[in-house]
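Participant: Return atomic coordinates for the entry below.
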Amino acid sequence: MHVEGPGGLNETYDAMYRAYSNIFTRCGLSFTAVEAESGPIGGSASHEFMVNAESGEDTILKCPVSGYAANVEKCEIGKRGHDLNAAPTGELTEVHTPNLPGIDEVGKFMKVKPDRMLKSIVFSVSGGRWLVAVVRGDHDVNEGKVKIAVRAMLGDGSLTVALADEKAAREAGFAIGYVSPRTVNTVPGTLLLIDPDAAQGGFWASGADKKDYHVKHFNWRRDVGNVLDDTTKVRICDVRNAMAGDPSPRAEGAKLETGRGIEVGHIFKLGTKYSEAMGLAILDKDQQKRAVIMGCYGIGVSRTMAASVEQNHDADGIIWPAAIAPYHALVVLMKPEEAKQQEAARRVSATLAEFGYDVLIDDRSERPGVKFKDADLIGLPLRITIGDKALEQGGVEFKVRKDGAASKGEVVSFEALGAKAQGVLGAAW
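Facilitator: Alright, predicted model coming up:
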């Protein structure tokens, strides 16, 4: 909680951002901190920390020039031109499209590609108003962007904006599934948000505003009219999910690139949303009652471990970064029944413990091949093998897991073992 005003929240938030970055760096992870939607938790800002992994559940968009990064729900798109005044490509023509459940099926039936179709999504706005967001057929409307745009359009940040209830929308006059931008003129209280990629000339197909029908040769100026110039009813703005190849919002001429990530941390600026709701307040230095300013910070510990495995492995098993490995070294005895090798294992363990490292000893009565295979599978950073040949040379076999299962170990003396391990692992925590 933060009681020193917005400045205190910002300072703490930035400090937590740095702390999270340091934590994941120290964990040996390749990660990206991305701007994120606050979602139902709310608040004025949030960042997700994503471990970069092809198996990740989230799509990340990045600008290769500026370093800007955001998830799909939050990512902005750079400037795009638009033209609502282009000439029609033909007469508006109705096409009967019965029992076709989506853009792709309608497009195939009409022989129109999705990028030449208009997708119109209906939202309800508090105060009894309606909103239609229009994007290209191959794009997806972004609900978060729609909410921000309509609140700015009407100058009211407290407005409730949500996908329309189908029954209520039909009763208001919307032919759900067949809506077109023309409803801004036919359904009272309707606002229109148009994504720049949809606000273009050329051939368009759209819904016909009646069940089982679409139209070809839709034209913005002819079919919607001068209401397009009324900024209290119509705005052209970014209302869709970003994609690879879109213009970067932070570097002119650069294109967004995509990657996959696993979320391992999330931080939020909550402000006073919850403290006001709960009546949580303090007296300031002037004895004035003020709502506590709050932040929210969380790390997924188990997700961090799982994400590390997704990022650090090979065909033979896990490759643990030293900082989060369950143990730092696996000591493998070739002949666990022999007292000489048992004593060597104790000596190795004691030496590594002096340097702060945790050791797991494999003294099972198994064949060497089985033990080596298991060692690669569990992936501890170091494998120390105690065998007759190395002992005859006054040392043990030292092998680094990240070098791969096929790499050969080297014989290291007992006296040099601790320093050798430290050279690979670094100082223990």
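Participant: contact partners of the lengthiest helix in the chain?
Facilitator: Looking across the chain with DSSP state H, the single longest helix is helix 6-26. With CB atoms under 8 Å, 6 or more residues apart in numbering as the test, helix 6-26 has contacts from 2, 31, 33, 45, 47, 49, 51, 264-265, 267, 269, 271, 293-295, 297, 299, 304, 323. Every C-beta, even on glycine, is put in place using the N, C-alpha and C of the backbone.
Participant: List buried residues within the residues you listed.
Facilitator: Buried members of these, scored by 16 or more other CB atoms under 10 Å, are 2, 31, 33, 45, 47, 49, 51, 264-265, 267, 269, 271, 293-295, 304, 323.
Participant: In helices, which of those fall?
Facilitator: Per DSSP H, those map to helices at Thr304.
Participant: just the helices in the stretch 101-250 of the chain please.
Facilitator: 103-110, 143-154, 166-172, 183-186, 220-224 (DSSP state H, counting those that start in this stretch).
Participant: okay, those in CSV with distance to Ser126 next?
Facilitator: Converted to CSV, the helices of the stretch 101-250 of the chain look like this (distance: least, CB to CB, whole Å):
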stretch, distance to Ser126
helix 103-110, 29
helix 143-154, 10
helix 166-172, 13
helix 183-186, 19
helix 220-224, 25
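Participant: Tell me which of those helices lies nearest to Glu415.
Facilitator: Nearest of the helices of the stretch 101-250 of the chain to Glu415, taken as CB to CB: helix 143-154 at 61.4 Å.
Participant: Could you pull out the helices in the stretch 301-429 of the chain for me?
Facilitator: Under DSSP H, counting those that start in this stretch, the stretch 301-429 of the chain gives helices at 301-311, 339-354, 368-378, 388-392, 414-425.
Participant: Tabulate the ones you listed in TSV, adding columns for distance to Gly173 and mean pLDDT.
Facilitator: As requested, the helices of the stretch 301-429 of the chain are exported to TSV (distance: least, CB to CB, whole Å; pLDDT from 0 to 100):
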stretch	distance to Gly173	mean pLDDT
helix 301-311	47	95
helix 339-354	76	97
helix 368-378	63	97
helix 388-392	84	96
helix 414-425	69	96
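Participant: Quick one, which of those helices gets closest to His82.
Facilitator: Minimum separation from His82 across those (CB to CB) falls at helix 301-311, 40.4 Å.
Participant: now the closest one against helix 6-26, angle please.
Facilitator: 40 degrees (axes from the mean of the first three to the mean of the last three CA atoms, to 10 degrees).
Participant: Can you point out the buried residues in helix 301-311?
Facilitator: Neighbour-count burial for helix 301-311 flags Thr304, Ala306, Ala307, Ser308, Gln311 (criterion: 16+ other CB under 10 Å).
Participant: Go ahead and confirm Ser120 touches Arg182.
Facilitator: No - using CB atoms under 8 Å, Ser120 makes no contact with Arg182, being 9.2 Å away.
Participant: For stretch 158-177, give me every contacting residue.
Facilitator: Against stretch 158-177 from outside (CB under 8 Å, 6+ apart): 121-127, 130-131, 143, 146-147, 150-151, 183, 186-187, 207-211.
Participant: ah, wrong one, I meant stretch 331-341
Facilitator: 342, 345, 348-349, 359-365, 368, 371-372, 375, 383-388, 391.
Participant: cool, and stretch 315-326?
Facilitator: Under CB under 8 Å, 6+ apart, the answer for stretch 315-326 is 26-29, 304-305, 308-309, 312-313, 328, 358, 360, 373, 376-381, 401-402, 404-405, 424-426, 429.
Participant: distance between the ends of it?
Facilitator: From its first residue to its last, stretch 315-326 covers 20 Å (CA to CA, to the nearest Å).
Participant: same question, stretch 29-45
Facilitator: End-to-end distance for stretch 29-45: 24 Å, by CA to CA.
Participant: roughly how far is it from the heart of the chain?
Facilitator: Averaging C-alpha positions (CA atoms, centre = their mean, to the nearest Å) puts stretch 29-45 8 Å from its chain's average.
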